[in-house]
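Peer 1: sequence below, structure please.
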Amino acid sequence: MPRVSVLLPARNAEATLRPALRSILRQSFRDLELVAVDDGSTDGTAAILAEAAAADPRVRVVRGPGRGIVAALEAGRAICTGELVARMDADDVAHPARIAEQVARLDGDPSLDGLGCNVAMFPPQRIAEGMRLYVGWLNGLHTAEDVARERFVESPLVHPAVILRAAALEAVGGYVERGWPEDYDLWLRLLGNGARLANLPAVRLFWRDHGRRLTRTDPRYGKPAHLALKAWHLARGPLAASRRCAIWGAGKTGKALARALAAEGVSVEWWIDVAPRKVGGTAQGAPVLGPDALPPKGGPLLLVAVAARGARAEIRDHLAGAGWEEGRDYLVCW
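Peer 2: Next up is the predicted model:
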């Protein structure tokens, strides 16, 4: 059995599939199989995969009926034989040393259950400012502590850059379809189950941006879906016992989070905001306090939900100065 199973779903990917396959089959780490799932393609994807399988016995092809990414991933996972499962997408390119370095890191730290890496997006002329900011933030998350701390801000790993221990993936039931990003959902389920996830501090995946990416075309990857995902996991994780919280940020972002949490049965006890016109009033029936009127610790968990650039660091500094501990007294969720 190969040490690593590389799981690659593809649907109508003939324009980008060949370089993606080459980048895996030319890895310096050779003890791998490539499990490619053709999810009901109508272009030349099937022929390209058949050609790859004929040329390299490490390639195994599964033909799916086109039921979507989660079904394709689970169909492929069912036949993966490696103790490690690495993800790859049909439109990205892996660095030749990616898998070797990830395996070495996992072998050197048995406490880790999964490992991503830094990424570089291409072609550069297509990358929007929001995605540049996301990649810059993501590439600063290296340790398991970084990933755990930032897990509710955004997805702290890039799916096609990740390698997971198969046992950890199986322990949480693999991929699940809930109408939101299957990868972010998986990271939160793994972390909620006690898994430790980190990122290699080196660019080992070249992440292609194009107009056909699911993150651009599928509503499951839009902002409402992300919000519902966060609320679902918060309600079943950090807020499960109390069913109440406080929120820093009585603007659009914080109020949207409060509505999503209300749908999960979680109430907001009080708010913090810096806008003088809001302080002293109420938001959704709860009082709005100023930062200097921060209640004593030990009450409801404080969720930070402010979208303004630079606000996250300022709020963390303020709370640290007041003796609040991140992860115990508050969580940053935006």
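Peer 1: hey, which strand is longest across this protein?
Peer 2: Under DSSP state E, the strand in the chain containing the largest number of residues is strand 197-208.
Peer 1: residues in contact with the helix or strand just after that one?
Peer 2: Where DSSP states H and E defines the elements, the next helix or strand beyond strand 197-208 is helix 214-217. Residues outside helix 214-217 that contact it (C-beta atoms under 8 Å, 6 or more residues apart in numbering): 69, 211, 220, 221. (Each C-beta comes from the backbone N, C-alpha and C, glycine too.)
Peer 1: beyond helix 214-217, next helix or strand please.
Peer 2: helix 223-236.
Peer 1: pLDDT of that following helix, averaged?
Peer 2: Throughout helix 223-236, pLDDT has a mean value of 97.
Peer 1: circling back: just the buried members of the contacts of helix 214-217?
Peer 2: 69, 220, 221 (16 or more other C-beta atoms under 10 Å).
Peer 1: got the CA positions of the helix or strand hosting residue 170 in CSV?
Peer 2: Here residue 170 sits within helix 166-171, counting by DSSP H and E. Extracted C-alpha coordinates of helix 166-171, given in CSV (Å, rounded to 0.1, in the frame of the first residue of the first chain):
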residue,chain,number,x,y,z
ALA,A,166,-6.6,9.1,7.3
ALA,A,167,-7.6,8.1,10.8
ALA,A,168,-8.3,11.7,11.9
LEU,A,169,-10.4,12.2,8.8
GLU,A,170,-12.4,9.0,9.4
ALA,A,171,-12.9,9.9,13.1
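Peer 1: so which elements touch the helix or strand following that helix?
Peer 2: Next helix or strand after helix 166-171 toward the C-terminus (DSSP H and E): helix 182-192. Using 3 or more C-beta pairs under 8 Å, 6 or more residues apart in numbering; DSSP states H and E as the contact test, the elements touching helix 182-192 are helix 69-77, helix 144-149, helix 166-171, strand 197-208, helix 223-236.
Peer 1: name the nearest residue to the residue nearest the centre of the chain, ignoring sequence neighbours.
Peer 2: Residue closest to the average C-alpha location in the chain (C-alpha atoms, centre = their mean): residue 155, at 3.0 Å. Leaving out its chain neighbours, the residue that sits closest to residue 155 by C-beta to C-beta, 6 or more residues apart in numbering is residue 184, at 4.1 Å.
Peer 1: pull the contacting residues for that neighbour.
Peer 2: Counted by C-beta under 8 Å, 6+ apart, residue 184 has contacts 154, 155, 226, 229.
Peer 1: tell me how many other residues surround residue 66.
Peer 2: A count of nearby residues for residue 66, using other C-beta atoms under 10 Å, gives 14.
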